[in-house]
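In: Provided below for reference: sequence and predicted model.
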Amino acid sequence: MKNLKKMITLLLAAAMMLALASCGGGKDKPDTDATLGQSLKAVFEANADQDMETLANTILSDKQIEFAPAVMPVEPGFLMGFDNDINGFASGVSFGPMISTIPFIGYIFELDEGADVDAFVAELEANANLRWNVCTEAEEMVTATEGNTVFFLMCPKTLEMEE
């Protein structure tokens with residue numbers, strides 16, 4: 001009986017260690033001049049004349065994206081990555097990994113003519129939660145605007161997938 005208790009204790013300790021390791025931050029990555037977010041912002045700026053869905057797919061086709069991507073339309077209200085509802089946009093799309101624990105979520109919003117773009121970006125930044133994803137945390141938040149189109153991204157600084 002005493003040996004059985006020791007065995008169960010060891011198994012529980014091992015299970016807890018595995019659970020903690022699965023939520024770990026992974027290996028440290030060196031900082032580069034252009035982070036993932038800054039690189040994808042440049043893709044947005046170079047292609048901002050495309051419709052939102054095409055633009056999101058263009059961003060996701062960047063060579064740094066190493067996950068199965070998904071693009072979905074969004075409506076005002078609850079959006080992943082934010083602590084409060086996001087309103088004030090006419091239409092939008094989200095883009096990111098199809099299924100993953102990668103802390104990556106992006107949005108492209110189209111605002112009505114005459115909308116206060118700067119106030120909308122400030123609302124996004126104020127309500128963003130870099131720790132929205134279980135066991136992971138985004139390392140950067142990047143925003144950009146082109147006319148009434150707003151780019152918003154929370155992501156790691158690099159996407160180096162483990163083999």
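Out: Great, that's in hand.
In: Tell me where this protein has helices.
Out: Secondary structure of the chain (DSSP state H): helices located at 2-22, 36-47, 52-60, 117-127.
In: can you list contacts of the second one?
Out: Applying C-beta atoms under 8 Å, 6 or more residues apart in numbering, the contact partners of helix 36-47 are 34, 55, 58-59, 62, 64, 106, 108, 140-142, 144, 146, 151, 153, 155-159. In this view, the C-beta of every residue, glycine as well, is placed from N, C-alpha and C.
In: on that earlier part again, mean pLDDT lowest where, among the helices of the chain?
Out: Across the helices of the chain, helix 2-22 has the smallest mean pLDDT, namely a mean of 48.
In: before we move on, back to that, quick one, which of the contacts of helix 36-47 are buried?
Out: Buried by 16 or more other C-beta atoms under 10 Å: 55, 59, 106, 108, 141-142, 144, 151, 153, 155-159, out of those.
In: and which of those residues is nearest to Pro69?
Out: Distance ranking of the buried ones among the contacts of helix 36-47 against Pro69, using C-beta to C-beta, places Ile59 first at 9.0 Å.
In: contacting residues for that closest one?
Out: 40, 43-44, 47, 95, 106.
In: May I see the residues you listed organised as CSV, with distance to Asp112 added?
Out: Formatted as CSV, the contacts of Ile59 follow (distance: C-beta to C-beta, whole Å):
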residue, distance to Asp112
Leu40, 25
Val43, 25
Phe44, 20
Asn47, 22
Phe95, 22
Gly106, 21
